[in-house]
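**Student:** got a sequence here, can you build the structure:
(2 chains)
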Amino acid sequence: MKTTLALLAATTAFGALFAFTTFDGAHAGHRATLPDATQEAWVSLVSGNDEDYDDGEDEDCEEGDDVEEDQDEACIPTQSLPPAGTIAPPANGLFGTGAPPKVQVN
Amino acid sequence: MKTLLAALALTTALTLPGIALARQVTLTTTLNPYGGNGAYLALYVTDAQGAYKGSLWMAGGKSRYYEHLSDWYRATGGDTAEINGITGASVGAGRELSITLDLADALFDAGYVLHIDAAVEDMRNSPSEIAVPLTTAGAGQPTAGRRYIATFAYDM
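**Tutor:** Predicted coordinates for the structure are as follows:
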């Protein structure tokens, strides 16, 4: 009897938790409407310094280079973002179970 | 005993749909040989009203370039919290990026649209180069891009 009740409680709790996390995220997204597309050129932001361009390798941002050269927003190095596959995706309601993505480039 | 069994059946019935609320989807983006540096790509979803819902993937690790993914940037303000754990390297010309994600079932056949913004250094930005409705019928059907993307398809 106790086992059955425990099983009942566990399945109910699991179902409720899963449904809550999925539906809550799916319906609570951002509401910023996208305007019409524009096509501006990507002007090199670093005065032709190829070392500062991301060519697929992870590089640290140089200290202060955004402020002094680019007048740009803060440069966040790749290393400060958790590598893909090591943590669950954002809880934005798009991801079903929170399983990390798998990526491949050929 | 019968009551307990009925309750058990009910809770199981409530649990199973939750498990089935997700599906594995592979997003495949093939780039044209456009002759430039690696492309930054932002894959994100809008709802039926065109409102930004969230990001699925960011190809390109330097936030300073995200403003060139102009539709994505306008919707998010470049907030890197949107792409925590879903960021990878930029994609070279002619290469194929394949991402497998566990996506919520509710995204399909409900008016949601998958967008891809693309940008390449010293070349023109290409916001919403791909904008494809997420439907079960559309799975496996390639969509051609305008500038940097040769084809995009999602399979499940």
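**Student:** ok, B:R64 - how many residues close by?
**Tutor:** Number of residues near B:R64 (other CB atoms under 10 Å in any protein chain shown) recorded here: 21. For the C-beta atoms, the positions are set from N, CA and C on the backbone; glycine is no exception.
**Student:** in terms of pLDDT, where does it sit?
**Tutor:** pLDDT for B:R64: 91.
**Student:** ok now stretch B:134-149, how far from the chain's centre?
**Tutor:** The chain centre lies 12 Å from the centre of stretch B:134-149; the measure is CA atoms, centre = their mean, to the nearest Å.
**Student:** excluding chain neighbours, give the residue nearest to the residue of chain A found nearest chain B in space.
**Tutor:** Going by CB to the nearest CB, chain B is nearest to A:G96 of chain A, at 2.2 Å. Leaving out its chain neighbours, the residue that sits closest to A:G96 by CB to CB, 6 or more residues apart in numbering or on different chains is B:A22, at 2.2 Å.
**Student:** any idea how far the one you found lies from B:W72?
**Tutor:** B:A22 sits 24 Å away from B:W72, going by CB to CB, to the nearest Å.
**Student:** who has more neighbours, these two?
**Tutor:** B:W72 (28 against 21).
**Student:** so is the helix or strand that contains that one next to chain A?
**Tutor:** Here B:W72 is covered by helix B:70-76, with elements defined by DSSP states H and E. Yes - residues of helix B:70-76 contacting chain A under CB under 8 Å from any CB of the partner chain: B:S70, B:D71, B:R74, B:A75, B:T76.
**Student:** by contact count, what packs against that helix?
**Tutor:** The contact analysis (3 or more CB pairs under 8 Å, 6 or more residues apart in numbering or on different chains; DSSP states H and E) places helix B:70-76 against strand B:40-46, strand B:52-59, strand B:113-119, strand B:126-133.
**Student:** can you redo those as CSV with mean pLDDT and mean neighbour count?
**Tutor:** CSV is the format used below for those (pLDDT from 0 to 100; neighbours: other CB atoms under 10 Å in any protein chain shown):
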stretch, mean pLDDT, mean neighbour count
strand B:40-46, 96, 25
strand B:52-59, 95, 25
strand B:113-119, 97, 26
strand B:126-133, 96, 21
